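Student: pasting the structure only:
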């Protein structure tokens with residue numbers, strides 16, 4: 001039997017690494033000591049879990065796939081990583097799935113990696129997404145999901161212009177995409193810089209795998225090559241369905257305020 005394609009091996013390993021990362025987070029939470037430090041200011045905090053999780057993810061994937069580009073959020077020391085943080089396993093169920101033809105020739109140095117914490121949801125464009133029940137938002141309802149902690153006049157003016165039936169405010173780009181794919185919201189709207197590529201990378205893979213769309217406020221796709229700038233400076237607009245409806249209603253004043 002032929003060896004599984006590189007992409008499927010990366011995804012299968014990332015799945016197990018994400019499970020390990022979730023355990024690390026739960027263990028830190030259980031101690032009651034989050035080890036919070038300020039990275040660049042009072043509104044940019046980092047916990048012990050953030051540091052340990054990134055060490056685990058980067059070291060585990062780099063050990064198996066040394067040529068893969070891994071870009072992470074936290075600045076970490078280059079010390080040796082404890083073996084207890086290393087996850088060497090992989091998800092056998094993922095390896096059993098056929099790799100979509102368009103990805104079968106990907107080389108290790110052409111790949112990038114990211115992982116999702118909490119529930120382990122994964123997806124590949126052309127194969128589908130797994131770990132949740134895909135549900136569409138109620139027909140005819142315009143339910144916007146947006147930031148919980150980074151509101152601004154621009155963010156709120158943009159939402160108001162869409163005349164939503166209701167607005168959900170939750171933390172995390174991944175959490176917002178989950179609201180879309182599980183039918184709790186019909187559009188994810190964030191008319192502000194601040195979101196980074198590592199926030200949208202894995203959630204975008206899931207959304208695209210089920211036919212959704214995510215762009216900045218100008219309709220530009222996000223790119224994840226290793227030279228790309230990390231800030232999503234022109235905001236985020238994402239939907240599972242009806243992208244054009246929401247994109248056509250973003251005010252020009254909002255677009256002019258957000259430079260790609």
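Tutor: Everything's here; your move. Fair warning: this is a prediction, and the values are worked out from it, not measured in the lab.
Student: so what's residue 199 up against?
Tutor: The neighbours of residue 199, taking CB atoms under 8 Å, 6 or more residues apart in numbering as the test, are 172, 173, 174, 232. C-beta coordinates here come from the backbone N, C-alpha and C atoms, glycine included.
Student: wait, which of the residues you listed is closest to residue 209?
Tutor: Checking those against residue 209 by CB to CB gives residue 174 as the nearest, at 13.9 Å.
Student: so what does whichever helix or strand that closest one is part of touch, helix or strand wise?
Tutor: Assigned by DSSP states H and E, residue 174 belongs to helix 173-181. When contacts are defined as 3 or more CB pairs under 8 Å, 6 or more residues apart in numbering; DSSP states H and E, helix 173-181 packs onto strand 143-147, strand 166-170, strand 187-190, helix 197-209, strand 236-239.
Student: go with 7 Å
Tutor: Packing partners of helix 173-181 (3 or more CB pairs under 7 Å, 6 or more residues apart in numbering; DSSP states H and E): strand 166-170, strand 187-190, helix 197-209, strand 236-239.
Student: export these to a markdown table and tack on mean pLDDT and distance to residue 223?
Tutor: A markdown table is the format used below for those (pLDDT from 0 to 100; distance: least, CB to CB, whole Å):
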| stretch | mean pLDDT | distance to residue 223 |
| --- | --- | --- |
| strand 166-170 | 96 | 26 |
| strand 187-190 | 98 | 18 |
| helix 197-209 | 94 | 8 |
| strand 236-239 | 98 | 14 |
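Student: I'd like to know which of the ones you listed lies nearest to residue 128.
Tutor: Nearest to residue 128, of all these, is helix 197-209, at 5.7 Å by CB to CB.
Student: so where's this protein uncertain?
Tutor: By pLDDT under 70, the weakly predicted segments of the chain are 1-2, 34-46, 74-79, 112-119.
Student: if we go to 80?
Tutor: Within the chain, the segments meeting pLDDT under 80 span 1-2, 32-47, 73-80, 112-119.
Student: Spell out which residues make up each domain of it.
Tutor: As assigned by automatic domain parsing, the chain contains the domains 6-128, 143-257.
Student: Show me what the longest helix seen in the chain is packed up against.
Tutor: Longest helix in the chain by number of residues (criterion: DSSP state H): helix 6-31. Using 3+ CB pairs under 7 Å, 6+ apart, the elements in contact with helix 6-31 are helix 48-64, helix 92-95, strand 122-124.
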